[in-house]
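Chemist: When you get a sec, could you give me coordinates for this:
(one chain, ligands or ions: 2)
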Amino acid sequence: MDTLRTDLSRFDAAIVDLDGTMVDTLGDFAEALNRMLRDLELPPVAPAAIERMVGKGSEHLILSALAHVGAPAPAALFDRAWERYQHHYLEINGRYSAAYPGVVEGLKALRARGLRLACLTNKPTSFAKPLLAAKGLNGFFEQVFGGDAFERKKPDPLPLLKTCEALGTVPSRTLMVGDSSNDARAARAAGCPVVLVTYGYNHGEPVRGVDADGFVESLADLAAA
Ligand SMILES: O=C(O)COP(=O)(O)O
Ligand SMILES: [Mg+2]
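Modeler: Ligands and ions are numbered 1, 2, ... in the order given. You can find the predicted model right below:
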């Protein structure tokens, strides 16, 4: 990490992940999923199990939760589940979640060094924008793209390439900041250097095992010269 820490001048922009990187949203996911499961007359799912399901978008999360609680035909239930989930998520969005320590400080420092910022998450754009606003983080980002913004989601490189295009930057000078192998794989394939935070979700696996260019314990560390 030290090489990146001392040399942010290598970058014109940073693309920052949302869930598990800027905001600890496990409480929101648990609340919305369990309200959805209650509507479907299914048993609840524990936050520890949800943590392993987060990061691959809402469709994956809902299908994983349905399978986890033993729903007989998760795919057949999906449309109704998605409608209920969306209803509840938008209602509670941000109420059971909090920005991680050092996030505002880190984003301020990146901006102060002239980096242009985009938020790129696999959660739907309609969930991401109000969440960033609720946590006072929206002002940092020129662009906000959710998992439904492009044809494919992370770990596919497409969303990163499209985000670079929107920022007007080249991948080799655009730093990806995330919390999971999803972010790292997308970054590698797109040609963006990548740093991972050590406190996020990473599908329930130890994050230091992921192929990345560096790890930070806080976004504030990223810019601390
Ligand atoms: O899977 C999600 O909904 C969120 O994932 P993210 O880590 O890309 O923000
Ligand atoms: Mg994440």
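Chemist: Using neighbour counts, pick out the buried residues of stretch 58-72.
Modeler: 58-59, 61-66, 68-69, 71 (16 or more other C-beta atoms under 10 Å). To be clear about C-beta, it is placed using only N, CA and C from the backbone, and glycine gets the same treatment.
Chemist: For ligand 1, tell me which of those show up nearby.
Modeler: residue 58 (C-beta under 6 Å from any ligand atom).
Chemist: In a markdown table: the buried residues of stretch 58-72, plus pLDDT and secondary structure.
Modeler: A markdown table is the format used below for those (pLDDT from 0 to 100; DSSP: H, G, I helix; E, B strand; the rest coil):
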| residue | pLDDT | secondary structure |
| --- | --- | --- |
| 58 | 93 | helix |
| 59 | 94 | helix |
| 61 | 96 | helix |
| 62 | 97 | helix |
| 63 | 97 | helix |
| 64 | 97 | helix |
| 65 | 97 | helix |
| 66 | 97 | helix |
| 68 | 96 | helix |
| 69 | 96 | coil |
| 71 | 94 | coil |
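Chemist: quick one: which of the buried residues of stretch 58-72 is nearest residue 46?
Modeler: The shortest approach to residue 46 among the buried residues of stretch 58-72 belongs to residue 68, at 9.2 Å (C-beta to C-beta).
Chemist: and the closest one, how far is that from residue 52?
Modeler: The gap separating residue 68 from residue 52 is 9 Å, by C-beta to C-beta, to the nearest Å.
Chemist: same thing with residue 8?
Modeler: Residue 8 is 33 Å from residue 52, by C-beta to C-beta.
Chemist: and whatever residue of the chain ends up closest to ligand 2, what is it in contact with?
Modeler: The nearest approach of the chain to ligand 2 comes at residue 20, 3.7 Å away (C-beta to the ion). Residue 20 makes contacts with 54-55, 178-180, 197, 199-202, as judged by C-beta atoms under 8 Å, 6 or more residues apart in numbering.
Chemist: which residues touch the helix or strand that contains residue 188?
Modeler: Secondary structure assigned from DSSP states H and E places residue 188 in helix 181-190. Contacts of helix 181-190 with the rest of the structure, by C-beta under 8 Å, 6+ apart, involve 17, 21, 55-56, 122, 154-157, 159-161, 164, 171, 176-178, 193-194, 196, 202-203, 205, 210-212.
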